[in-house]
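J.: A predicted structure for the sequence below; I have some questions about it.
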Amino acid sequence: MLYLVGTPIGNMKDISSRACEVLEQVEYIACEDTRVTGILLKNLGIEGKKLISYHEHNKVSKGEEIISILKRGSDVAQVSDAGMPAISDPGEDLVSLCIKENVDFTVIPGPVAAITALVMSGLSARYYHFEGFLQSSGSERRKRIDKLKEYDETIVLYEAPHRLVKLMNELDQEGFGDCRIALCRELTKKYEEVLRMTVSEACEYYKDNEPRGEYVVCLEPLKTKEAVLDPESIDSEILRLRDSGLPVKKIAQILSEDTGISKKELYAHVLNLLKS
Ligand code: SAM
């Protein structure tokens, strides 16, 4: 059996007892960086595991090797350096291989930086788009940033500290200047910090402050104000929520959270619309 095991994103205590049990039981552990996983195992007091280096650049050859180990009947855990495998990290290909080769696998869930940040951000967590890392430069990066303008849900990005200022400036130039942003840094670690401001304020802020550490960027979408506040969109959202079986009170509450319009006002509007 293959176990895709979630590991901490900073705070070593954020590992589940099930994850510890699995890491203790398996014969092999496939990991991105054997040194990083070695530290985790040492911390957990786990010894004697056969570590297989499995990363972006050897995933084809090592993937086959892992599958043949699994087919021989041994258990393998796969971990990334931090967080959940397959989330902006290796793992996805191993899952596809297991499905193709009819090999059993399961997931032992753990922390994800994106989700931790989304909850910390204060932005709407009801709908979100996970972008992960943008390409570091070039036309693909520009295309993706352009695509971000189309979303009407909170956008969650991973970005390296040395590219954070560039990202803020690009978002500003692309019209996101007034959108709220939460810059979630070093989550679960000693210097955890969340800066909440607008994109253009962030551009100013980073003129005097150098970004350091790991960041998740949560961005308010461009479309919320125009699209959700436009009466036609509100009405179609009301009908969609009604069709999904929600009562009037709940519909008013959800839309009030999403739009900032008072619950009372929305309640009256929903009643009116559904009557007609
Ligand atoms: N698999 C991981 C997960 O489940 O979140 C993501 C791995 S990805 C290679 C690494 C990126 O995740 C970092 O560059 C950063 O953007 C984000 N990240 C990971 N840990 C973080 C933390 N403690 N605080 C803020 N961002 C973090």
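T.: Nice, thanks for sending it over.
J.: where's Val216, which helix or strand?
T.: strand 215-219 (DSSP states H and E).
J.: any idea which helix or strand comes after that strand?
T.: helix 223.
J.: Quick one: residues contacting the closest residue to the ligand within the stretch 1-150 of the chain.
T.: At 2.4 Å from the ligand, Gly83 is the closest residue in the stretch 1-150 of the chain, using C-beta to the nearest ligand atom. Using the backbone N, CA and C atoms, a C-beta is placed for each residue, glycine as well. Applying C-beta atoms under 8 Å, 6 or more residues apart in numbering, we find Gly83 in contact with Gly6, Thr7, Pro8, Ile9, Asp89, Gly110, Pro111, Val112, Ala113.
J.: How about Leu171?
T.: Ile145, Leu148, Gly177, Cys179, Ile181, Val199, Leu219.
J.: of all the residues in the stretch 101-250 of the chain, which ones are close to the ligand?
T.: 112-114, 158-160, 184, 186-189, 214-216 (C-beta under 6 Å from any ligand atom).
J.: Type out the ChimeraX command that picks the buried ones from these.
T.: Typed into ChimeraX, the line below selects the buried ones among these, using 16 or more other C-beta atoms under 10 Å:
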select :112,113,114,158,159,184,186,187,188,214,215,216
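J.: In JSON lines: the residues of the stretch 101-250 of the chain next to the ligand, plus pLDDT and secondary structure.
T.: Listed next are these as JSON lines, based on pLDDT from 0 to 100; DSSP: H, G, I helix; E, B strand; the rest coil:
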{"residue": "Val112", "pLDDT": "98", "secondary structure": "coil"}
{"residue": "Ala113", "pLDDT": "98", "secondary structure": "helix"}
{"residue": "Ala114", "pLDDT": "98", "secondary structure": "helix"}
{"residue": "Tyr158", "pLDDT": "98", "secondary structure": "strand"}
{"residue": "Glu159", "pLDDT": "97", "secondary structure": "strand"}
{"residue": "Ala160", "pLDDT": "96", "secondary structure": "coil"}
{"residue": "Cys184", "pLDDT": "98", "secondary structure": "strand"}
{"residue": "Glu186", "pLDDT": "98", "secondary structure": "coil"}
{"residue": "Leu187", "pLDDT": "98", "secondary structure": "coil"}
{"residue": "Thr188", "pLDDT": "98", "secondary structure": "coil"}
{"residue": "Lys189", "pLDDT": "98", "secondary structure": "coil"}
{"residue": "Glu214", "pLDDT": "98", "secondary structure": "coil"}
{"residue": "Tyr215", "pLDDT": "98", "secondary structure": "strand"}
{"residue": "Val216", "pLDDT": "98", "secondary structure": "strand"}
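J.: okay, the angle between the helix or strand containing Ile145 and strand 215-219?
T.: Assigned by DSSP H and E, Ile145 falls within helix 138-148. Taking axes from the mean of the first three to the mean of the last three C-alpha atoms, to 10 degrees, one finds that helix 138-148 is oriented at 40 degrees with respect to strand 215-219.
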